[in-house]
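*Asks:* Quick one: sequence and predicted model below, then my questions.
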Amino acid sequence: MKSSLLLLLLEVSSVCLQESSRPNFVLMMVDDLGIGDLGCYGNNSLRTPNIDQLAQEGVKLTHHIAAASLCTPSRAAFLTGRYPVRSGIAGYNILGVFIFNAASGGLPSQEITFAKAAKQQGYETALIGKWHLGLNCKSSDDHCHHPSVHGFNYFFGIPLTNLRDCQPGHGTVFHFHKYLPYRTAGIVLLTALVLHYSGVITIRRGLVLSLLFLLLVVTGLLVAFTMIIPYFNCVLLRDHDIVEQPFKSENLTQRMIHEAVDFIERYMSAFLFHINQKELLPIALVSTHRLLLC
């Protein structure tokens, strides 16, 4: 009886030891960050003391190849460890990324992400920040490509990206003027005027007024489109619920830090935490010594 009890205690102790020895993970991904932007890689114009300390106390990698130079495909590769073209996330058109929340498509649900792998091992997983890997399939709210489908128990952030349109006074990313045929329209107008005044053709006043009205309508629609874009694309979610629409970018970093710290405190025993944002400020979280950064 005593030997059986001793074996049981040893087995329980072994399981507890294994559970307590499992590391916690914080993965960070930053848009538009070059190797020369960090102090630990020789930059002396921008101070990054927390990252420099991580490099000094841990491992500093000196060779890496990015899967893509754009947000959506590079994030797909980061999550899956596969070339983005294998997931159907490598676009070859003029954009190559998602620019609307309501767009159909995203990272296929059958892809194995590191969040799914960690979740299978009993980890609590969260993604704080930017997703930008699609959201919907057949409707504008089915969320078939939501982070929760790819192994994240908790999500707080923006499903698209931090567009310029989301910040009042910073303009828009939709540069319609680049695609409007100004030169062709000018040549046609000048030719029509020359032919009209030379007597070759006759341009009725009604036609001129109709064209001017059409021009005003098109201009008004384009202006209205740029004004309502923030309400369509600049959305802050907590899991599947809308927190702000459009979100306020002034304190967004601080709010994400608060959400991250709250998640870490709730699941300190075993968690996988992914910071995915376009700004550098969330990296302040690396001061927590209980975490392992990968």
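*Replies:* Everything's here; your move. Numbers count the residues shown, from 1 in each chain.

*Asks:* In which helix or strand does V217 reside?
*Replies:* helix 205-233 (DSSP states H and E).

*Asks:* That helix: which residues count as buried?
*Replies:* For helix 205-233, burial by neighbour count (16 or more other Cβ atoms under 10 Å) applies to 229-230, 232-233. All C-beta spots, glycine's among them, are computed from the backbone N, C-alpha and C.

*Asks:* so how far is Y83 from C40?
*Replies:* 29 Å (Cβ to Cβ, to the nearest Å).

*Asks:* before we move on, back to that, what about the helix holding V217, average pLDDT?
*Replies:* Averaged across helix 205-233, the pLDDT comes to 81.

*Asks:* which is the next helix or strand following that helix?
*Replies:* Note on helix 205-233: by DSSP H and E, the next helix or strand toward the C-terminus is strand 236-238.

*Asks:* Each with direction, which strands does the very next helix or strand once past that following strand pair with?
*Replies:* On the C-terminal side of strand 236-238, the closest following helix or strand by DSSP H and E is strand 241-244. Strand 241-244 has these partner strands in its sheet, going by DSSP bridges: strand 236-238 (antiparallel).

*Asks:* Could you give me the buried positions within the strand it pairs with?
*Replies:* In strand 236-238, counting by 16+ other Cβ under 10 Å, buried: 236-237.

*Asks:* For the stretch 51-200 of the chain, just list every one of the strands.
*Replies:* Taking DSSP state E, counting those that start in this stretch as the criterion, the stretch 51-200 of the chain carries its strands at 124-130, 154-158.

*Asks:* Which other helices and strands does the helix holding V217 contact?
*Replies:* Applying 3 or more Cβ pairs under 8 Å, 6 or more residues apart in numbering; DSSP states H and E, we find helix 205-233 packed against no helix or strand.

*Asks:* and with 10 Å instead?
*Replies:* helix 182-197 (3 or more Cβ pairs under 10 Å, 6 or more residues apart in numbering; DSSP states H and E).

*Asks:* In PDB, please show the C-alpha coordinates belonging to the helix it packs on.
*Replies:* Listed next in PDB are the C-alpha coordinates belonging to helix 182-197 (Å, rounded to 0.1, in the frame of the first residue of the first chain):
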ATOM      1  CA  TYR A 182      -6.500  62.900 -66.900                       C
ATOM      2  CA  ARG A 183      -4.200  63.100 -69.900                       C
ATOM      3  CA  THR A 184      -6.600  61.200 -72.200                       C
ATOM      4  CA  ALA A 185      -9.600  63.300 -71.000                       C
ATOM      5  CA  GLY A 186      -7.700  66.500 -71.600                       C
ATOM      6  CA  ILE A 187      -6.700  65.500 -75.100                       C
ATOM      7  CA  VAL A 188     -10.300  64.500 -75.900                       C
ATOM      8  CA  LEU A 189     -11.600  67.800 -74.500                       C
ATOM      9  CA  LEU A 190      -9.000  69.900 -76.400                       C
ATOM     10  CA  THR A 191      -9.700  68.000 -79.700                       C
ATOM     11  CA  ALA A 192     -13.400  68.400 -79.300                       C
ATOM     12  CA  LEU A 193     -13.100  72.200 -78.700                       C
ATOM     13  CA  VAL A 194     -10.800  72.600 -81.700                       C
ATOM     14  CA  LEU A 195     -13.200  70.700 -83.900                       C
ATOM     15  CA  HIS A 196     -16.200  72.500 -82.500                       C
ATOM     16  CA  TYR A 197     -14.800  76.000 -83.100                       C
END
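
*Asks:* Backbone dihedrals for the nearest residue to T48 once chain neighbours are set aside, please?
*Replies:* Excluding the flanking residues, the one nearest T48 by Cβ to Cβ, 6 or more residues apart in numbering is G39, at 4.6 Å. As for G39, its main-chain torsions (degrees, to the nearest 10) stand at phi -60, psi -40.

*Asks:* Now for G39: which residues touch it?
*Replies:* The contact partners of G39, by Cβ atoms under 10 Å, 6 or more residues apart in numbering, come to 45-53, 55.

*Asks:* now the helices for the protein?
*Replies:* With DSSP state H as the criterion, the chain has helices at 2-21, 49-57, 71-80, 114-120, 182-197, 205-233, 252-266.

*Asks:* so how far is the shortest one off the chain centroid?
*Replies:* Spelled out, that is helix 114-120. Helix 114-120 sits 20 Å away from the centroid of its parent chain (Cα atoms, centre = their mean, to the nearest Å).
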